[in-house]
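Novice: Show me the folded form of this:
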Amino acid sequence: MDKLLESQPGWVDSLSETRSALARLSTAERVADVLRTHLIEGRILPGTRLSEDTIAGALAVSRNTLREAFRLLAHERLLVHELNRGVFVRQLTVDDVIDLYRVRRILECSAVRATAQYTPGAVARVRAAVHEGETAARDGGWQQVGTANMHFHLALAALSGSPRVNELMHQLLAELRLVFHVMARPQQFHEPYLGDNARICGLVEAREGERAAAALADYLDRAEQQLVHAFTAG
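Specialist: Numbers count the residues shown, from 1 in each chain. Presented below is the predicted three-dimensional model:
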């Protein structure tokens, strides 16, 4: 059964909070970025039908602008348009999971190896994401732990110093967050990786890029296996 936008009012309300950021530049790209961020943070579920009127009203943008944003996100494989039914958040397959992790290994492991590209600010963002996840776990906010994990991997990719890598990682992780919803017990899934994140962060801070990349590759292998199992078991 489709998950109607109206059944998840919380994330629609949070769209209204972005109006000030859109006020100066209400472009389709910026609207797409707002929606992509909501997907990365797990606020919009796979299968959700997106109402043009409701979202355009929440963001105070035109329907034409919103439609162009939808087209951009559909190109990124985050949304699908179903004839005579509307626009929906995409529901991924096990093949999508395998391909996402294939690309993540290329981007993230290469980024952590490139120690010559590290900047103090980029390394600090990795540590900040680790702290974010640990704080959310202490508070029992496992949805927030998942969001912090997204921030951690974005920060790892950002070690490369490449705006193009950053952009691609945002797209990949928005897709990945749609995959995470298959895990029925988020604490059981996310909790073991908190320690891994801290260890990889320590290696990054020590500029031991090869060891960090090896630890990350093992990490990604385990996460992929868990998600593939969840998809096939379901």
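
Novice: Low-confidence regions, the protein specifically.
Specialist: Applying pLDDT under 70 to the chain flags residues 1-9, 17-26, 234.

Novice: care to break it down by domain?
Specialist: Domain assignment for the chain by automatic domain parsing gives 3-89, 94-233.

Novice: how far is the longest one from where the chain is centred?
Specialist: If I follow you right, that is domain 94-233. 10 Å (CA atoms, centre = their mean, to the nearest Å).

Novice: which residue of the protein sits farthest from its center?
Specialist: No residue in the chain sits farther from the centre than residue 84, which is 29.0 Å out by CA atoms, centre = their mean.

Novice: count of neighbours near the residue lying closest to residue 70 once chain neighbours are set aside?
Specialist: In space, and not counting its chain neighbours, residue 70 is closest to residue 87: 5.2 Å by CB to CB, 6 or more residues apart in numbering. From N, CA and C alone the C-beta is placed, and that goes for glycine too. By other CB atoms under 10 Å, 21 other residues sit near residue 87.

Novice: same deal with residue 173?
Specialist: 22.

Novice: quick one: contacts for it?
Specialist: Residue 173 makes contacts with 40, 150, 153, 154, as judged by CB atoms under 8 Å, 6 or more residues apart in numbering.

Novice: Pull the number of nearby residues for the second one.
Specialist: It stands for residue 150. 23.

Novice: got the CA positions of the helix or strand encompassing it in PDB?
Specialist: Taking DSSP states H and E as the criterion, residue 150 maps to helix 142-158. Extracted as PDB, the C-alpha positions of helix 142-158 are listed here (Å, rounded to 0.1, in the frame of the first residue of the first chain):
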ATOM      1  CA  TRP A 142      18.400   5.400  16.600                       C
ATOM      2  CA  GLN A 143      16.800   7.200  13.600                       C
ATOM      3  CA  GLN A 144      19.200  10.100  14.500                       C
ATOM      4  CA  VAL A 145      22.100   7.600  14.700                       C
ATOM      5  CA  GLY A 146      21.300   6.600  11.100                       C
ATOM      6  CA  THR A 147      21.400  10.300  10.100                       C
ATOM      7  CA  ALA A 148      24.700  10.800  11.900                       C
ATOM      8  CA  ASN A 149      26.100   7.700  10.000                       C
ATOM      9  CA  MET A 150      25.100   9.400   6.800                       C
ATOM     10  CA  HIS A 151      27.000  12.500   7.900                       C
ATOM     11  CA  PHE A 152      30.000  10.400   8.800                       C
ATOM     12  CA  HIS A 153      30.200   8.900   5.300                       C
ATOM     13  CA  LEU A 154      29.700  12.300   3.700                       C
ATOM     14  CA  ALA A 155      32.600  13.600   5.700                       C
ATOM     15  CA  LEU A 156      34.800  10.700   4.700                       C
ATOM     16  CA  ALA A 157      34.100  11.300   1.000                       C
ATOM     17  CA  ALA A 158      34.800  15.100   1.600                       C
END
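
Novice: from now on call the first residue 184
Specialist: Taking 184 as the first residue, the last one we looked at is helix 325-341.

Novice: Which is the succeeding secondary structure element to it?
Specialist: Taking DSSP H and E as the definition, the helix or strand right after helix 325-341 is helix 346-363.

Novice: buried residues in that next one?
Specialist: 348-349, 352-363 (16 or more other CB atoms under 10 Å).
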